[in-house]
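# need a 3D model of the sequence below.
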Amino acid sequence: MYMRSGGYDPDKPTVLFLHGYIGSANDCMRVRRDHQVCATRVRFCALDRPGNGYSENYSAEGKGHLHFGKVAEATEDVLRAYGVKGDIILMFHSLGSYWAMALAHQVRDICSILQCVAVCCSVLQRVAVCCSVLQRDAVWHAFDRRSTDSDSWRWRIQVRDISNSSDMRFVGGVAIDALATRWVSPRDPRWISWNEPSPEADCNPNAPLHDPYGYGDLWKLIKTLTPTGLVRLLYATGFGNYNVVIKMYPSDVQGAVETYSMSRKFIDTAILETERWDINCGYAKAGEGVFAELVAFELIVVPKGLNLSALALLNPRSNVTIAQGPKENEHSGILLHKDYAPIVAQALLRVIRKVEVHLTET
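Residues are numbered from 1 along each chain as shown. This next block holds a predicted model:
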């Protein structure tokens, strides 16, 4: 997985941006370049999910690896490799909320295991060799019901150096028109059923492959047409506002975004994630509890975007901002467009300030 990192003050929290569906680390470019955000001197990290941006495609190890549980594990590995630890503010857009919650669950589980290891070592002080091994290479075990050939429980044991993981603490969050595990049915008015829990079958890591919005067929058509050059022709002519979102990015990254957005791996990933919407919702749901512990949580809701303010129910300190985005595409434009990205930057600044006050007081 590709990660972009800039700015670093060890006494400041780290902002971690997780992009949404068919997005990339470049989606937060206007926010991370905001002069007020830069002045905070926080470390700003942004990752490309597998198959998006500059990251390699999803693992070919089997269908059991093509979900946000594995993405969260890989994300934790990348953060550890880059030395990211301490206080972390999660900033996420759209489907990035599922990624953020799955990551929160991943890190919390590892921290719990490390605490368990510490207790074991305090009890077994006489077994010096055992303790030194456990403290150096903590054993992480988890079960995964998904299997390539059956639906039976399958235990996975991995030995990993996770010394940095115990120092990761999620302290703040900024949700930008983001999905909740409570979500509206595409057949119902969004303002009526936004707060109704999804049926268990629609938010479960063991759910069958399913395309609730029908996006998969569209991406399969695009995949077929891309080699003909028709997709690039439509972009160049502006037909159907096909290029409107890409032109919202800063000019210096538009070329890169256009290139990887028409790559085979990008299109394959769009199809793959579309079919696993319910599965990834299940992995996200496991991490909801971590969000209740955030010191500050800002939510930006776009009336004509996803309009899913149900995320606010996860934290008693939530602050919801209803913001109008550009009429061409409010959902993406609230983050990408130069005239609207400052709304997100101000929300992030509020979280940074609250987190810093909290850390000072504690």
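# in contact with residue 317, which residues?
By C-beta atoms under 8 Å, 6 or more residues apart in numbering, the residues touching residue 317 are 294, 295, 296, 297. Where you see a C-beta, it was placed from the backbone N, CA and C, and this is true even at glycine.
# again, but for residue 17
Counting by C-beta under 8 Å, 6+ apart, residue 17 has contacts 25, 27, 28, 31, 32, 44, 45, 46, 47, 91, 92, 96.
# element containing the spatially closest residue to the fifth one that is not a sequence neighbour, please.
In this case it means residue 32. Excluding its sequence neighbours, the residue lying closest to residue 32 (C-beta to C-beta, 6 or more residues apart in numbering) is residue 44, at 4.7 Å. Assigned by DSSP states H and E, residue 44 belongs to strand 43-47.
# which outside residues touch that strand?
Contacts with strand 43-47, where a contact means C-beta under 8 Å, 6+ apart, come from 1-9, 12-19, 25-28, 32, 37, 55, 75, 78-79, 82, 84.
# next one: whichever helix or strand comes after it to chain centre, how far?
Counting by DSSP H and E, the element after strand 43-47 in chain order, helix or strand, is helix 68-81. Helix 68-81 sits 11 Å away from the centroid of its parent chain (C-alpha atoms, centre = their mean, to the nearest Å).
# after helix 68-81, next one along is what?
For helix 68-81, the succeeding helix or strand toward the C-terminus, using DSSP H and E, is strand 86-93.
# kindly export that next one (C-alpha atoms) in CSV.
What follows is strand 86-93, C-alpha atoms only, in CSV (Å, rounded to 0.1, in the frame of the first residue of the first chain):
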residue,chain,number,x,y,z
GLY,A,86,0.9,8.1,19.4
ASP,A,87,-2.3,10.1,19.0
ILE,A,88,-4.1,9.7,15.7
ILE,A,89,-7.0,11.7,14.2
LEU,A,90,-8.9,9.8,11.6
MET,A,91,-10.2,11.8,8.6
PHE,A,92,-12.2,9.9,6.1
HIS,A,93,-14.6,10.4,3.2
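# pLDDT below threshold where in the stretch 1-150 of the chain?
59-64, 109-150 (pLDDT under 70).
# please redo it, this time with the cut-off set to 90
By pLDDT under 90, the weakly predicted segments of the stretch 1-150 of the chain are 1-11, 56-66, 85, 108-150.
# which stretches in the stretch 151-300 of the chain count as helices?
190-193, 215-225, 230-237, 251-261, 264-275, 277-285, 288-291 (DSSP state H, counting those that start in this stretch).
# in PDB, list the C-alpha atoms belonging to the fourth one.
Once side chains and other backbone atoms are set aside, the C-alpha atoms of helix 251-261 remain, and they are given as PDB (Å, rounded to 0.1, in the frame of the first residue of the first chain):
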ATOM      1  CA  SER A 251      -4.100  21.100 -11.300                       C
ATOM      2  CA  ASP A 252      -0.700  19.500 -10.500                       C
ATOM      3  CA  VAL A 253      -2.300  16.200  -9.600                       C
ATOM      4  CA  GLN A 254      -5.100  16.000 -12.300                       C
ATOM      5  CA  GLY A 255      -3.000  14.200 -14.800                       C
ATOM      6  CA  ALA A 256      -2.000  11.500 -12.200                       C
ATOM      7  CA  VAL A 257      -5.600  11.100 -11.100                       C
ATOM      8  CA  GLU A 258      -6.800  10.700 -14.700                       C
ATOM      9  CA  THR A 259      -4.100   8.100 -15.500                       C
ATOM     10  CA  TYR A 260      -4.700   5.800 -12.600                       C
ATOM     11  CA  SER A 261      -8.500   6.200 -12.700                       C
END
